[in-house]
Every structure is written in C-alpha cells, then in structure tokens.
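> Let me see the structure of the following:
(chains A and B)
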Protein chains: 2
Amino acid sequence: MKLALVGIGKIAVDQHIPSIAASDQWELAATLSRHGTLDGIDSYTDFDTLLNTHPDIAMVSLCLPPVPRFEYAAKALKAGRHVMLEKPPGATLAECHALTKLAQDNGLSLYATWHSREADKVAVAKAWLADKTLLSLKVTWKEDVRRWHPNQDWIWEPGGMGVFDPGINALSIVTEILPVDIHLRDATLMVPENRQTPIAANLAFYHPRGAEVSATFDWRQVGDQIWTIEAVTDQGTLTLLDGGARIMVDGREDALVDNNPLSGEYPRLYANMAALIACGGIDMDLRPMVHVSDALALGRRVAVDPFHD
Amino acid sequence: MKLALVGIGKIAVDQHIPSIAASDQWELAATLSRHGTLDGIDSYTDFDTLLNTHPDIAMVSLCLPPVPRFEYAAKALKAGRHVMLEKPPGATLAECHALTKLAQDNGLSLYATWHSREADKVAVAKAWLADKTLLSLKVTWKEDVRRWHPNQDWIWEPGGMGVFDPGINALSIVTEILPVDIHLRDATLMVPENRQTPIAANLAFYHPRGAEVSATFDWRQVGDQIWTIEAVTDQGTLTLLDGGARIMVDGREDALVDNNPLSGEYPRLYANMAALIACGGIDMDLRPMVHVSDALALGRRVAVDPFHD
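Residues are numbered from 1 along each chain as shown, chains lettered A, B, ... in the order given. Next up is the predicted model:
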C-alpha cells in the first residue's frame, strides 16, 4: 500500500523513513513538508495538491507537532485516506474524539500510535504482570532535553507538553502493561519561569487495588539517561530499562525471553497499521493522553529556573 | 426512593435540599458532612457508617468539591447505590472513566449532572438552532467571584478549576444546544500570581462547519453579572441570557415559548435521575469537562494581579 508522510522532521528521518523503507507492506509515495524533501520521492508543500495528485495513496502518516495535526488528519479522512498519528494523537482530547467520529463515519482506519508500547520487552512485561499482585510501580524518566530536543521551541509552547512529551511514552507503557486502569491523584509541575510547559513533573496515581503508583519525569538530566519502570509484585520485581528495550526480573536480565519476530518500535507500528486497515479497525486508545491532560489540568505549578537552549 | 446527600455546603443548602423536599419521587434519608446537619434528618460524618446503617438508601447524591468526590462515588457504587454527581463529575477525566466502568460492572445508574443544561430556555434554544446554519457563537460569562464564591479557597487550588467552575456551566449549555461537536483551538488563561487557577479565560473553538465560536470567562466583574450566549445564524440571532433563564430571537423576548412542565434546574436534575434509574441508564457526558481540561492543558498562562478574598 502506498502512503504519504507529512512532516519531515527529526522523528520522520530517524524512525519513520527507515521503517517504511524496510517494510514489504508499505511504499512511500509522497512527502509533505515546508522544508524537507527526500531524493526520489514526490515532495509537496500543499496538502490538497498532494491528495489530488495521488488518489493511489491509501494512507497518510502524520509526524507533525501536535498542534497543527488535526487539520491534516481531518482533511486526509475526508479525502478517504486512512490515517496514522505520531504520538500524541492531537493537541486536545476533543479533537481526537472528533477524528474518531470522522473515521467511523467514513469507514476508515485511524491509529493513535504509541511507539514505546512496541519496545522489545513491553509485551513480555505485560504477560508477566498479568497474574501477579502489584504492590508498587515507579516510573523514572530522566533525560537531557538539550540532547533530544535541541532548539525545538514548540515543545515549550502551550500544547507542546514539555517533559510530558517523553513522559507520555512512559505512560503509554504503564497503561499497556497494567491489567487495571489507574488515575491521577496528585501532580506537581516544575515550569521554567520563562516557559509555558513543565521541565519536570512528579505524579502520583490511584490504583484500584491499592498499589503505590508514581512517576518522576525530568528533562534536566545530564550524564546517564534513565527510562526505567520498576514494578514490585508479590512474586518478585520486574524492571523495564532503556524505555522497554531491556527487562529484568529480580535483577536477572535473562529471566524472560520475548517471541516477537519483528524488531524495532516503528517497524511494528507500520505493521500494526497494515493489520488495522486489513480488519477495518480504529485504534484510538487515548489513556496516556488523558493522564497528561489530567496532570496539566490538576497539577500544582511551581516556578523553577528559566530554561535557555 | 430514598437518597443520601453528601457534602452539605452552599450548593446543597441553596439548591439540592429544596429540590429534594419539593420532589414526590425522592426522600432525603441521610446526610454526610464534616460540619453541616439538617433538622430531622440522620446526619453522619463517616460514609461507611451511613451506608451500613441505611441499606434502604438507593441513591447517593454528591455535592462535595471535585477533588475528594471520586472516593465517595466509588464507595457508593461498590455498595450497590446509584450515584448522582454535582458538576464537574470529578477532578480528573480518568477517574470519571473509572466510575463509568464501575457503574457498568455493577449494573447501576451514574449521572454526571450539568445543572445549567436544565435552565428554562436551553431546550427551546436547542430546538431552534437544530435546523439553522450557525455563523458565530459567542459566550460571555462574567461574574463577581467574591459574591458567588466567598472564601472558597478550594476553587483556587489545583483541581478547583478557577473561573472554569462557572465557565463549565456555559460549556455544558453550548455542547447541549449545538448539533455538532466543537473543539478548542486556542486559549489564554489569566492566572493571579498568588493562585493556581485562572480568574479569567479567553477561548476559541474550531467548528466543523466554519462558524466562529468563542468564549470569554471573567470572575472580576463588578456590577451587572453577565451570563450570555449569542448565536448568529443564517435565519436570525438567538440570545440566551441569565445563564439560560431567558431567551431572545432578534431582540424579541416573546419570540419563543417553552413547554417544559417542571420549573427549575435542580428539580429537573432529580427528575432526570429518577428516570435514569427507571431505565437502568448511565449518563456521563464528559464533553464540558473535556473542553475545560483541554483549555487548562493547552492554554497559554498569563500572570495577572494577585487575588485576595
């Protein structure tokens, strides 16, 4: 199936394009970007022109920042194309609900992707936790924003989500691996005094069976980068490391093996999208975004040192 | 049917208690409050004791501030009681989703009430707008916070929503009377520098058919209080005044008559709840809360003068 890629930024170049190139299910037929082009691929700056020129393109994959994404997604769905959304699926929850309705009304597939859920060890972690009693779960997501988002001003603007941009990855894993739903009960947001979005956040969640569930997100980390989820259960401690790429049970890294034949987050997302279209499905699990929205709405804001790139 | 009222504050005394007293469907059998009691009604300070003492109570109506509400609602549902929620239905969207699931799993009715939707002229406004083309809709909700929320510190705390506490009433009417769904595209939040929640907000919405939809909420209004929604259509201008108590078409107040036999917002809410239980239904329309959550998550914060009660 042919697809168009909209928004040729860092994530498109680093992840989407190599994954599409490696897929035997997808062919990149066109790109849309203000600036970026790809050798040998039709490039457009106007989306209407792209859609009109390419009725053969069945799917549009959107890698724009969240704020402008809705208009492109709505236009693609109205033009009869399936749509795949980079995370987060939109700038607001209401617009995600509107896209879901639009996809339903037009009989099209719509996929809110959460790439971290496709990390190598997430599925095996979910299976391991399914029959254990959770006592506590602690997320530690600490990275250097200057290294991962150099000069990306939009992440500091309203709707850019700040440290929740990586934090939502952790929440997408937590909502995937836990067999029950949690909800936020307390949040503290550290917001640089010259910015609109938090550079760090501490979250505490209500768990229906009384486990202590908490998360610490921090963009001020230098040196070692930490993306860890530690789940203490009645039958041992499971630790996901490196954002889900590695797993340990009671400190042993060889305790569990996974059987997932595909390798890599984005190749799995594109395979999922092909499967979703094949069965005529919609996958708009908004739980990670609801938690972020709840944190931004409910959180106590504390002003911290200004941030300069 | 017998009910218990939880949280005997201003809204309970002003609205809930007289409406229950006037109803021939409901009997107030018990109250729960840290301080307030009612003459001749069993009063409790512990919710478990109330529930255990009164297996005859079929429904619990919650008028607490939003943050503590979830625990009471969950406990009531687990004890097999129907639940009616004062607006907003919770402190987070995720907890509202959890309550919906709990009610479904236990076969109980759950009602997220929006009292302003039951204002006298809302139904007739909805009917009038149904077959017109909307060109613009403008909400103006300006009131004096010192008059309506004297010394209510919780409204200034995270989760208390600030000016969205009245603003969500306007949004509950807008989402009721418009035949299509809107979503937020821009928000500015004026936050007193000594408080956590906004004292004023300007919102702009995307409308799927291109109408200009906006809202101005302001708690700094002195003198005349304004709760107005003006909808300009291809066939004239409809204006809801006084929070939906009055209606005009093209400036004429006698243009439309309503046929709603009950009078008053809260009597209608309690009648709705009785009907919901009779049909085994759940009514958790979260759209007004989604818009507020989107505004608090997406809005640009501007510091304004400190607020002192």
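
> How about the residues of the stretch 1-150 of chain A by chain B?
Taking C-beta under 8 Å from any C-beta of the partner chain as the criterion, the stretch 1-150 of chain A approaches chain B at residues A:70, A:91-95, A:97-98, A:101. Quick note: C-beta positions are derived from backbone N, CA and C, even for glycine.

> What residue in the stretch 101-250 of chain A comes nearest to chain B?
A:His183 (3.5 Å; C-beta to the nearest C-beta).

> Mind listing the residues bridging to that residue?
Here A:His183 sits in beta bridges with A:Tyr206, going by DSSP bridges.

> Spell out the secondary structure type for A:Gly160.
Here A:Gly160 is recorded as coil under DSSP: H, G, I helix; E, B strand; the rest coil.

> and A:Ile20, how far is that from chain B?
Remark: distance between A:Ile20 and chain B (C-beta to the nearest C-beta, to the nearest Å) = 30 Å.

> That should have said A:Asp283, apologies.
Per C-beta to the nearest C-beta, A:Asp283 is found 17 Å from chain B.

> For that residue, which non-adjacent residue is spatially closest?
A:Tyr111 (5.0 Å; C-beta to C-beta, 6 or more residues apart in numbering or on different chains).

> buried residues in the helix or strand encompassing that neighbour?
Here A:Tyr111 sits within strand A:110-112, counting by DSSP states H and E. Buried residues in strand A:110-112, counted by 16 or more other C-beta atoms under 10 Å in any protein chain shown: A:110-112.

> how far does it sit from the chain's center?
11 Å (C-alpha atoms, centre = their mean, to the nearest Å).

> From the rest of the structure, what touches that strand?
A:73, A:77, A:82-85, A:87-89, A:96, A:99-100, A:103, A:269, A:272-273, A:276, A:282-286 (C-beta atoms under 8 Å, 6 or more residues apart in numbering or on different chains).

> Next, count neighbours for A:Ala94.
23 (other C-beta atoms under 10 Å in any protein chain shown).

> so who does the residue lying closest to it once chain neighbours are set aside touch?
Nearest-residue entry for A:Ala94: B:His183, 3.5 Å, with adjacent residues in sequence omitted and distances by C-beta to C-beta, 6+ apart. Contacts of B:His183 were listed using C-beta under 8 Å, 6+ apart, and they are A:70, A:92, A:94-95, A:97-98, B:205-206, B:291, B:294.

> from those, which single one is nearest B:Asn194?
Using C-beta to C-beta, B:Asp294 comes nearest to B:Asn194 of the contacts of B:His183, at 25.4 Å.

> Ignoring the adjacent residues along the chain, who's closest to the closest one?
Computed as C-beta to C-beta, 6+ apart, the closest residue to B:Asp294 that is not its neighbour in sequence is A:Thr92, at 3.9 Å.

> Next one: that neighbour from B:Asp181, what distance?
As judged by C-beta to C-beta, to the nearest Å, A:Thr92 and B:Asp181 stand 12 Å apart.

> what do you get for A:Asp144?
Separation of A:Asp144 from B:Asp181 (C-beta to C-beta): 40 Å.

> cool, A:Val257 as well?
Separation of A:Val257 from B:Asp181 (C-beta to C-beta): 46 Å.

> which of those two has more neighbours?
Using other C-beta under 10 Å, the more surrounded residue of A:Val257 and B:Asp181 is B:Asp181, with 17 against 8.

> which residues does the more buried one contact?
Here B:Asp181 is in contact with A:94, A:97-98, A:101, B:175, B:208, B:287 (C-beta under 8 Å, 6+ apart).

> among those, which one has the lowest pLDDT?
Here the lowest pLDDT out of the contacts of B:Asp181 sits on B:Pro208, with 94.

> I figured that one hits A:Leu99, correct?
No - B:Pro208 is not in contact with A:Leu99 according to C-beta atoms under 8 Å; the separation is 11.3 Å.

> And the pLDDT for the closest residue in space to A:Glu86 that isn't next to it in sequence?
Leaving aside its chain neighbours, A:Glu86 sits nearest to A:Cys63 (4.6 Å; criterion: C-beta to C-beta, 6+ apart). On pLDDT, A:Cys63 comes in at 94.

> Correct me if wrong: A:Cys63 contacts A:Ala12.
Yes - between A:Cys63 and A:Ala12 there is a contact at 4.5 Å, judged by C-beta under 8 Å.

> which residues do those two both contact?
Taking C-beta under 8 Å, 6+ apart as the contact rule, A:Cys63 and A:Ala12 both touch A:Leu5.

> follow-up on the earlier one: tell me, what's the model's pLDDT at the residue nearest to A:Ala94?
At B:His183, the model reports a pLDDT of 97.

> Could you measure from it over to A:Ile177?
With C-beta to C-beta as the criterion, B:His183 and A:Ile177 are 30 Å apart.

> picking that back up, with distance to A:Pro166 and secondary structure added, can I get the contacts of B:Asp181 in a markdown table?
Output for the contacts of B:Asp181, formatted as a markdown table (distance: C-beta to C-beta, whole Å; DSSP: H, G, I helix; E, B strand; the rest coil):
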| residue | distance to A:Pro166 | secondary structure |
| --- | --- | --- |
| A:Ala94 | 24 | helix |
| A:His97 | 25 | helix |
| A:Ala98 | 26 | helix |
| A:Lys101 | 30 | helix |
| B:Thr175 | 33 | helix |
| B:Pro208 | 32 | coil |
| B:Arg287 | 30 | helix |
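
> Can you tell me how far the residue nearest to B:Asp294 is from B:Ile182?
Taking C-beta to C-beta, one finds A:Thr92 at 10 Å from B:Ile182.

> A:Glu253 now?
A:Glu253 is 50 Å from B:Ile182, by C-beta to C-beta.

> ok, the two, which is more surrounded?
Neighbour count, other C-beta under 10 Å: between A:Glu253 and B:Ile182, B:Ile182 has more, with 21 against 12.

> quick one: contacts for that one?
B:Ile182 neighbours (C-beta under 8 Å, 6+ apart): A:94, B:174-175, B:205-208, B:213.

> Please tell me I have it right and A:Asp294 contacts A:Arg185.
No - between A:Asp294 and A:Arg185 there is no contact under C-beta under 8 Å: 9.5 Å.

> so who does A:Glu193 touch?
Contacts here follow C-beta under 8 Å, 6+ apart; on that basis A:Glu193 touches A:303-306.

> taking the residues you listed one by one, which sit in strands?
Among these, the ones falling in strands (DSSP state E) are A:303-304.

> Tell me the one among the contacts of A:Glu193 nearest to chain B.
Among the contacts of A:Glu193, and counting by C-beta to the nearest C-beta, the member closest to chain B is A:Ala303, at 9.8 Å.

> Just the pLDDT at the residue nearest to B:Asp294, thanks.
For A:Thr92, the model assigns a pLDDT of 95.
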